[in-house]
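**Student:** Predicted structure and sequence below. I'll ask about it afterward.
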Amino acid sequence: AQRVTQPEKLLSVFKGAPVELKCNYSYSGSPELFWYVQYSRQRLQLLLRHISRESIKGFTADLNKGETSFHLKKPFAQEEDSAMYYCALRGGSNDYKLSFGAGTTVTVRA
Amino acid sequence: EAQVTQNPRYLITVTGKKLTVTCSQNMNHEYMSWYRQDPGLGLRQIYYSMNVEVTDKGDVPEGYKVSRKEKRNFPLILESPSPNQTSLYFCASNSGRGLQETQYFGPGTRLLVL
C-alpha cells in the first residue's frame, strides 16, 4: 500500500527565513512524487514533481529514496508563499492512483 | 482557455437524496479523477478514469459511483448521500506522463448532507 506522511500540520516562519516542509512516503516500487499548493480561495495546483528536477517559485524538492523522503525547501520564504501544501505519490508506469498527505499549512509572517 | 469546471459549486441536500456533481474538461485529457478534501485528512482519491469507459477505485470509493461515457465529462454520483459525505470535492484532469504531463483541478464543490 502506498502512503504519504506530512508530519507538520502547521508551519510558521518569518519572511526571508528558510522553510522546509517534510514529506515521507512508503511505496514498494519506484514512485513519482509531487508537491501541490493551494492558495487561499484558489484551486489546487501542481507546484513541482521530482522527475522535472526544477525550481518553481524558488522551491526545490529532492527525492531521497534511501530515506523515502521528498522534502520541499525554499531558502528565503516570502509572504505570498503562505498556503496549504500537499505532498503526493503516484506509482510508476501505468499506475494512476494518487495518494496525498494530510497537508501542511504554511504561514509566512512579515 | 484550458479549464476544468464543476457544477454545482455549492450544494445542500438531505440524507438519501441522490445527487450528481458534474465535471467537464476542455483539454481532451484522457485521465480524470475525483477527490474529497477533509480537514486533517488532506485529499483522498475517490475514483479515477484512464479513458472513456475505463474507471477504477481510489482510496475512498464507498458510497460513490462514476461514469465516463465521453472523454470530456466525468460525473460523480452519490446514490444515497449520508452526512459523512459532507466534504469539499475536487475534480481533476491530466494528460501525458513524465515531463509533458499537465494537471488541472476544478474549483471544488462544497457539499453538505443533512
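**Tutor:** Happy to help now that I have it. This one's a predicted model, so the numbers in the text were calculated from it and none came from an experiment.
**Student:** Give me every residue in chain B lying close to chain A.
**Tutor:** Listed as neighbours of chain A in chain B under the rule CB under 8 Å from any CB of the partner chain: B:31, B:33, B:35, B:40-45, B:48, B:50, B:56, B:58-59, B:90, B:92, B:98-99, B:101, B:103, B:105-108. To be clear about C-beta, it is placed using only N, CA and C from the backbone, and glycine gets the same treatment.
**Student:** For the residue nearest the centre of chain B, which three-state class applies?
**Tutor:** Centrality entry for chain B: nearest residue to the mean C-alpha point is residue B:34, 2.8 Å, by CA atoms, centre = their mean. Following DSSP: H, G, I helix; E, B strand; the rest coil, residue B:34 is assigned to strand.
**Student:** circling back to that earlier point, and the residues of chain B next to chain A, which of them are buried?
**Tutor:** For the residues of chain B next to chain A, a burial check counting by 16 or more other CB atoms under 10 Å in any protein chain shown picks out B:31, B:33, B:35, B:42-45, B:48, B:58-59, B:90, B:92, B:101, B:103, B:105-108.
**Student:** Point out the ones among these that are inside helices.
**Tutor:** Among those, no residue falls in helices (DSSP state H).
**Student:** hang on, the earlier thing: now do the residue nearest to the centre of chain B, the pLDDT please.
**Tutor:** What the model reports as pLDDT for residue B:34 is 97.
**Student:** just the one 5 residues further on next, same as before
**Tutor:** Looking at residue B:39, its pLDDT is 88.
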